[in-house]
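[1] Let me see the structure of the following:
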Amino acid sequence: MWSSEFYLNCALRTYDDAARHFEKARSKVKGRPLKRWARLTQEGNDYIVSCSGTPILKFTPDNKLVFLIDGKVGSRYSTTISQSLHRAVPVMWIRAGTGRYRVKHLKIIDKVSNDTMPADKANRWSNVLWMSAWKQMKTAPELFMGMTFDLNTGECINARKDIKDSVIPDKRTAWLRKLRMFKRNVKLRARMGVFDSLIKQIIEDRKSSPAKMPDWTSEPWLDALYNAIRDEECPTELLRGFVASVPYAPWRQSALTTDIVLKVIDDVLKTLSIELRRKFGVFDESTIGEVA
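    Residues are numbered from 1 along each chain as shown. Prediction:
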């Protein structure tokens, strides 16, 4: 018989663990390092886990774990947190989309793994364990500021309804129709050679000034993209923005082609899928945020 031990291998599992760890801090003001990437400090009776100076979560005296960030802030530290959070505190974190993350307590992950994994997998326990954890995380609750876990049971006591469970079918159908038309119009312009001329302009511009890549998550660019899809248009400035989004390096400008630009457009649309659908009204916003 083998045992899944994510929970047993994390540094701080309870409020008392956090208190004992902090007690050994050389400076109570600066706090104590935690697993090299984080720092544990005290604020009143709470113990705060911070990353690069930003408070991520806290342990409270009633043995609760409370997140102090939402997905937007979490995206700044996602690489570090996704690789290391479960080694420091008893929750696992994975990316669900741009600015969206799923979080689950290690007690629950370990229990499901131990109950479902066959004993004959013991010789490959590490791979089997990660496979089981990964499957479970796909349906874990989404992160939001104030998300709270009971450290005694491992349950998320205020999990919210998943955004994808709030889809309005008619709106989704209408959105997909608009999106297909936009992609069709983009490919038509590619066949007409529109991108070829824009590529030449961008290459010339980059010779005289530093490359400026659009921030598609910013309101002006997000609005421009949404309006183009909604109105079934392809403004030249928007297409130029797509060309400018191709990663820049002087030694690879000859590789800047229409096919690469089309790939960038697909990536942008996938990255912004949730936000674009939200603006179109695909989700019933009145149910988002309800307790699941």
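
[2] could you pull out the strands for the protein?
    Counting by DSSP state E, residue ranges of the strands within the chain are 32-34, 38-43, 46-51, 54-60, 64-67, 91-97, 100-105, 148-150.

[3] Reformat those into a markdown table and put distance to residue 268 next to each item.
    C-beta coordinates here come from the backbone N, C-alpha and C atoms, glycine included. Converted to a markdown table, the strands of the chain look like this (distance: least, Cβ to Cβ, whole Å):
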| stretch | distance to residue 268 |
| --- | --- |
| strand 32-34 | 36 |
| strand 38-43 | 32 |
| strand 46-51 | 28 |
| strand 54-60 | 27 |
| strand 64-67 | 28 |
| strand 91-97 | 13 |
| strand 100-105 | 16 |
| strand 148-150 | 34 |
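
[4] Need the winner for burial among these.
    Each of the strands of the chain was scored by mean neighbour count; the highest is strand 100-105, a mean of 22, by mean count of other Cβ atoms under 10 Å.

[5] How far away from the center of its chain is that strand?
    9 Å (Cα atoms, centre = their mean, to the nearest Å).

[6] sorry, back to before: closest to residue 258 out of the strands of the chain?
    Across the strands of the chain, residue 258 has its closest neighbour in strand 91-97 (27.4 Å, Cβ to Cβ).

[7] Strand partners (parallel or antiparallel) of the closest one?
    Using DSSP bridges, strand 91-97 pairs in its sheet with strand 100-105 (antiparallel).

[8] re the thing from before, which of the strands of the chain sits closest to residue 7?
    Per Cβ to Cβ, nearest to residue 7 of the strands of the chain: strand 100-105, 8.1 Å.

[9] and that closest one, average pLDDT?
    Taken as a whole, strand 100-105 has a mean pLDDT of 94.

[10] Direction-wise, compare it with strand 54-60 and give the angle.
    Put simply, strand 100-105 runs at 30 degrees to strand 54-60, going by axes from the mean of the first three to the mean of the last three Cα atoms, to 10 degrees.

[11] Quick one, which of the strands of the chain gets closest to residue 235.
    strand 91-97 (26.1 Å).
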